[in-house]
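Asker: Below is the structure, and that's it, no one-letter string:
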């Protein structure tokens, strides 16, 4: 739940550093949220979830490089972004590393449905 709340805060925060927060912190938070969400619907290990979310985020970023986002709705721009930024890869990596770290120290069920006892299936 915390990654969701932090992710939503990206959309409403207007204080100091809000452009950085919106542009880059949001990238880290969205992958953290997706790793947690995937853990709620699949009983995969944290490594497998991090890998899949990382591949997904990379594909989205590469699609931004190859295609025009001018015709996307506002909702789609909020979900997948509006333009290519190579720094996004850095913030995706930070978010994925944080998601993995939190999964190892947080109580069971924080980022996944049962992160301590699941096995890859």
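Answerer: Yep, that arrived. Because the structure is predicted, anything quoted here is derived from the model rather than measured.
Asker: Identify the single longest helix in the chain, thanks.
Answerer: Secondary structure of the chain per DSSP state H: the longest helix is helix 46-66.
Asker: how far off helix 46-66 does the host helix or strand of residue 39 point, in degrees?
Answerer: When secondary structure is defined using DSSP states H and E, the element that contains residue 39 is helix 26-41. Taking axes from the mean of the first three to the mean of the last three Cα atoms, to 10 degrees, one finds that helix 26-41 is oriented at 130 degrees with respect to helix 46-66.
Asker: Enumerate the positions of helix 26-41 that are buried.
Answerer: Using 16 or more other Cβ atoms under 10 Å as the test for burial, helix 26-41 gives 26-39. (Each C-beta comes from the backbone N, C-alpha and C, glycine too.)
Asker: Which residues belonging to the longest helix of the chain are considered buried?
Answerer: Within helix 46-66, the residues that qualify as buried by neighbour count (16+ other Cβ under 10 Å) are 46, 48-50, 53-54, 57, 60-61, 64.
Asker: could you point out which element follows the helix or strand of the chain with the lowest mean pLDDT?
Answerer: Evaluated with mean pLDDT, DSSP states H and E, the helix-and-strand set of the chain has its lowest mean pLDDT in helix 74-80, which scores a mean of 64. Scanning forward in sequence from helix 74-80 by DSSP H and E, the next helix or strand is helix 87-105.
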